[in-house]
Structures are given as structure tokens and as C-alpha cells.
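Asker: Provided below for reference: sequence and predicted model.
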Amino acid sequence: MESGTWRLLISMMPLILYLLFILYSNHTSQKSTTSSSCSLLPHDRYWIVSKRIVTPHEIISGAVEINGGRIISLVKEKDWHGQVKNVPVIDYGQAVVMPGLIDVHAHLDDPGRTEWEGFPSGTKAAVAGGITTLIDMPLNSFPSTVSEETLKLKIEAAKGRIFVNVGFWGGLVPENAFNASMLENLLNAGVLGLKSFMCPSGINDFPMTDASHIKEGLSILAKYKRPLLVHAEKQEEIELNDGVDDPRSYSTYLKTRPPSWEEAAIRELLTVSKDTRIGGPAEGAHLHIVHLSDSRSSLELIKEAKGSGDRITVETCPHYLAFSAEEIPEGDTRFKCAPPIRDAPNKEKLWEALMDGHIDMLSSDHSPSAPELKLFAEGDFLKAWGGISSLQFVLPVTWSYGHKYGVTLEKLVSWWSEKPAKLAGQDMKGAIAVGKDADIVVWEPEEEFDLNENHHVHLKHPSISAYMGSRLTGKVMATFVNGNLVFDDGKHAPDACGTTILA
Ligand SMILES: NC(=O)N[C@H]1NC(=O)NC1=O
Ligand SMILES: [Zn+2]
Ligand SMILES: [Zn+2]
């Protein structure tokens, strides 16, 4: 070779090395997305076929094409022929294909209280129930997620241990509410929004807030356009009659947390939620009331605030829709939660509000504990841990109990996927549509099953779940997370390849 050619080659060396590096890194990253231990399916690109695919505008018979973790095309059956071209097809027949559920309210208790639940068991239960994304609450783990440092502990604990996508809410507590830089560091580190309690939370390092803290929180959140979720109960003086009010009786517990607690908290919240109106000092922020139980005065107040232009939404949970106070057996503390499950007419009105769109969405409020804390031997409703354990069952529970009220597949998608995606700022999720993440549940709405010891329950402590022993309709067949088939016919993918979602 002539010396001029050599010189040219040598001068181009950095470019050649760079191109080789790009080629190599593309090759390795492709390898990691097709890693078979993340998925029970050996392909990255494939079609899912079904007679019932729930899309944002209609239920179609057709096919969804997935590639690299995303939905890349959606075809109706009549236009489907000839599209396959060597791409594998999974035909689910009559089973329903819909967006995976997004649970915006779950306590996975990791790190710090993994004897209660933990990321591996909690997220295995989630995918077995068709949940593909969940947002973890900042309390019940230890330490509570109230600062950048404590969020980092969560992210570290989740690494390689989650089967679904997991985002995090940060805590708004008195310690950070008036400390703008502490709150901003937490938000900059990636929490999707904040959560606070207006009554004691039961967790020492998660103290309660009042409207003044919440007002401050909203003003910071406005800049970030992220929501504040609030546990809306405000304590009032309650008198129990010693010797008359039996702590083993559910009606005693009900007396200790009347609907007026929810009403009082919401009344106080509405003095600051008006800041979120267009032109208000916290425009851009959003207030979300978690686990509404009172379907009377509290709901009326929320409706009024919505009508006045406050940016406010509300969720309720399957346990308030499935159970009523009258049916709760003596001493059965599996049913203890806060706010409490109220009477049957209250439940009817919750369903009505949900069907009419006054309640925006559903969440699990999965809040397990170690079984000892449920005090099953004593059956003391006043002393037992309050929290319902339900993560794996929310889809069949909503479907089974909703039958009587006319629940539809479209409603399920709205309550469990579309609206929660919006609350959590996840516009890549919550729908079967081209360009969205391939987070999908496939299930048989007509199939019935008994939730007994023969059923594979993945929660750490099945014994504390109030749903055990019930007969439900709607069986999850398969769950896809980021295009990976992570749950299929009762089996999980070997590796936990869910990703953490940071804002
Ligand atoms: N700390 C905690 O999880 N509390 C939850 N449990 C419950 O029943 N309601 C809640 O807010
Ligand atoms: Zn709560
Ligand atoms: Zn909760």
C-alpha cells in the first residue's frame, strides 16, 4: 500500500473504531431484549390473535403485532390475510386481549418489611393477576420514601426483583412539606407524584399532614405537573361503650371510623384543591383522593369540586365494591381496612358512581402484613393491622362483582388502565394501540374458579386475604410486560425483568 493510503487509513481509525463499537453495542443490546429468561416466548417479534381485542374505540377481532416491546401494528381480521410473513402467531381464540392493569396504589413493603410482602412475591402476584405496572406507595417499607436518598434505596431494592414495571410515589410529610429543596430533590430523582395521609398512617416514620402541608406540596407539584394522592380521613372524637361494643364485632370497628371522617378530610382538602384550577396558584398540580369508601356526602363534595374546575380525581377499591359490613364475620380481621367497608346501600351507590364516571378509577390498595399482626386468635378489629390483601385478584373480583351492575370490558379498561396511566403520567401505557408499550393481559371472562388452596396464589401470605374461599369469574391466561411473556398458564418467566419507572 502507498504511504498516502496508510496515512488516510490511520487518520480514519477513530471513525472506524467508533463504527465497530456501534455495531457491537447494537448487537449486544438486541441480545438482551430477546433474552429467553425474561420471557416464556423465544421471540421478540410476533403477532397475538384474538376474537376480542379491546382497543380504545372498539372491540375487534384481529391481531396485534409486537416488536421490541412495543405494539407496532393492529389489524382487523378482515384485513389480516397475508400480513404474517414468517412472524410467529399466538392465537388466543375467544380470550380477551386488553391492556395490562395499572395499579396506582399498592404497598410492596420493600425494603424493610419484606416479611410482609416484598418486590418478588408482590410482582409475581401482580402478573398472575394481569397487572403489568404498579406504583408502589411510600409507606410500609422501611424507611419511608420521603427523600432522594430513600427513593434510591427503593430503586436499589427493586433491581432484578420485579416481574412488572414499578414506579414510586414519594411521601409528603411534615418534614419535607415546607422544605422545597428536599421535595424538589425527591421529585427530580423520579417519583411520579406524592402521597400524604390526613390521619395517622399506622407507620411511625410517615406522620400525617394537614391542609397547610398539602397546599405547599401542591404548589411544588404544579411545576412538575405531577399529582398528590391523599388518604382522606380526618380523626374526630369517638366514644365506645366499654363492655357493650365488642372489639370482635365489625360494627364496633365501623363506629370508630364513620363516613364523617372522610367527609371532614375532603372538606379540608377542597379549601386547597381550588388552587389547582386554571389560573390558580397551583395550576398544573392534580389532587387524587385514594380509596374512597363513603359514597354519600364525601362523593357529593368531590362532584362539586370537579364541577368548579378543581383538578381532582378519585379512586375506590375492589373490596369496597365486593363486600359489605353486614356480611363480615365476627372476628374476621382479614376484612379490616381504612377507611372501613361500609353497609350494602353504600356499596350500591359506589357502583352507581363508578358506572356513571363520578369515581374515576380503581386501585388495589394492596396492604398486607405479617399474619401475626392480623391477630386471628383474638379477632380484635380494633387492634389488628388494617389492610386488604388482594393484588392477584383485582381483575376477576371487579369483573365478578360488577356483573350485576352491567360492567363491560371497556369500563374495565378505563378504570384499570387508561385512567391510571394518565394519573401516573404514563402516556406510553394503558391502551392497545400502535406505538404503546406491549403490556397486555389475556384472560377468559367466562371461566369460573374457586380461590382455594389448589389455586396458585403468589402473595406472600394468602391466609390474610379476604378473597380466599370465594368463587370468581374471569381467569388470567397470559400476561405480557414490555413484550415479554412473563406469565403463561400458571407459570412465570424465570427472570424478573420488569423495569423501574422514573419520572
Ligand atoms: N399503612 C397502610 O398501609 N394503611 C392502609 N391500610 C388500610 O387499610 N388503609 C390504608 O391506608
Ligand atoms: Zn390509605
Ligand atoms: Zn394504601
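Answerer: Arrived safely. Ligands and ions are numbered 1, 2, ... in the order given.
Asker: okay, now residue 273: neighbour count?
Answerer: For residue 273, the neighbour count with other Cβ atoms under 10 Å is 30. Just so you know, the C-beta spots here come from the backbone N, C-alpha and C atoms, and that holds for glycine as well.
Asker: Which strand or helix spans it?
Answerer: Assigned by DSSP states H and E, residue 273 belongs to helix 259-273.
Asker: Just the buried positions in that helix, please.
Answerer: 259, 261-270, 272-273 (16 or more other Cβ atoms under 10 Å).
Asker: Ligand 1 next: which of those residues are close?
Answerer: With Cβ under 6 Å from any ligand atom as the criterion, those include none near ligand 1.
Asker: Can you name the two of those residues that sit furthest apart?
Answerer: Farthest-apart pair in the buried residues of helix 259-273 is 259 and 272; separation 21.4 Å (Cβ to Cβ).
Asker: List of residues touching the helix holding residue 273?
Answerer: Under the contact criterion Cβ atoms under 8 Å, 6 or more residues apart in numbering, helix 259-273 has outside partners 198-199, 210-211, 214-215, 218, 230, 232-236, 282, 287, 289, 292-294, 296-298, 301-302, 304-305, 310-312, 339, 342, 346.
Asker: could you redo the last one with a cut-off of 7 Å?
Answerer: For helix 259-273, the external contacting residues (Cβ atoms under 7 Å, 6 or more residues apart in numbering) are 198, 211, 214-215, 218, 230, 232-236, 287, 289, 293-294, 296-298, 301-302, 305, 310, 312, 339, 342.
Asker: Same question for stretch 49-66.
Answerer: Here stretch 49-66 makes contact (Cβ under 7 Å, 6+ apart) with 45-48, 71-77, 80, 89-98, 409-410, 413, 431-433, 438, 483.
Asker: swap the cut-off to 6 Å and go again
Answerer: The contact list for stretch 49-66 (Cβ atoms under 6 Å, 6 or more residues apart in numbering) reads 46-48, 71-77, 80, 89, 91-92, 94-98, 409, 413, 431-433, 438, 483.
Asker: on that earlier part again, among the contacts of helix 259-273, which are located in helices?
Answerer: Mapping the contacts of helix 259-273 onto helices (DSSP state H) picks out 211, 214-215, 218, 297-298, 301-302, 305.
Asker: Please tabulate those residues in CSV, including the columns distance to residue 204, pLDDT and neighbour count.
Answerer: Below are those laid out as CSV (distance: Cβ to Cβ, whole Å; pLDDT from 0 to 100; neighbours: other Cβ atoms under 10 Å):
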residue, distance to residue 204, pLDDT, neighbour count
211, 23, 98, 17
214, 21, 98, 26
215, 25, 98, 17
218, 26, 98, 26
297, 32, 98, 15
298, 28, 98, 25
301, 31, 98, 21
302, 30, 98, 26
305, 32, 98, 22
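Asker: would TSV of those residues with distance to ligand 1 be doable?
Answerer: Shown next, in TSV, are these (distance: Cβ to the nearest ligand atom, whole Å):
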residue	distance to ligand 1
211	19
214	16
215	22
218	20
297	20
298	15
301	20
302	18
305	21
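Asker: What helix or strand is residue 134 located in?
Answerer: According to DSSP H and E, residue 134 maps onto strand 131-136.
Asker: which residues are contacting that strand?
Answerer: Taking Cβ under 6 Å, 6+ apart as the rule, strand 131-136 contacts 100-104, 106, 108, 126, 164-169, 424, 439, 481.
Asker: same thing but 7 Å
Answerer: Contacts of strand 131-136 (Cβ under 7 Å, 6+ apart): 100-104, 106, 108, 126, 154, 164-169, 192, 424, 426, 429, 439, 441, 479, 481.
Asker: Leaving aside the residues adjacent along the chain, what's closest to whichever residue of the chain sits closest to ligand 1?
Answerer: Closest to ligand 1 within the chain is residue 337: 3.2 Å, counting by Cβ to the nearest ligand atom. The shortest distance from residue 337 to any non-neighbouring residue, by Cβ to Cβ, 6 or more residues apart in numbering, is to residue 388 (4.7 Å).
Asker: what separates residue 418 from residue 410, distance-wise?
Answerer: From residue 418 across to residue 410, the span is 10 Å (Cβ to Cβ, to the nearest Å).
Asker: out of the two, which sits in the more crowded spot?
Answerer: Taking other Cβ under 10 Å, residue 418 and residue 410 do not tie; residue 418 has more neighbours (19 against 16).
Asker: So which residues on this structure come close to ligand 1?
Answerer: 107, 139-140, 201-203, 231, 337-338, 365, 367, 386-387.
Asker: Mind doing that once more with 8 Å?
Answerer: 107, 137, 139-140, 197, 201-203, 206, 231, 290-291, 336-339, 365, 367, 385-388 (Cβ under 8 Å from any ligand atom).
Asker: what are the ranges of the strands in the stretch 51-200 of the chain?
Answerer: Assigned by DSSP state E, counting those that start in this stretch, the strands in the stretch 51-200 of the chain fall at 59-67, 70-76, 89-91, 96-99, 101-106, 131-136, 165-168, 170-171, 194-197.
Asker: Mean neighbour count and mean pLDDT added to those strands, as CSV?
Answerer: Compiled in CSV, these are given as follows (neighbours: other Cβ atoms under 10 Å; pLDDT from 0 to 100):
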stretch, mean neighbour count, mean pLDDT
strand 59-67, 20, 97
strand 70-76, 16, 97
strand 89-91, 14, 96
strand 96-99, 26, 99
strand 101-106, 28, 99
strand 131-136, 29, 98
strand 165-168, 25, 98
strand 170-171, 30, 98
strand 194-197, 28, 98
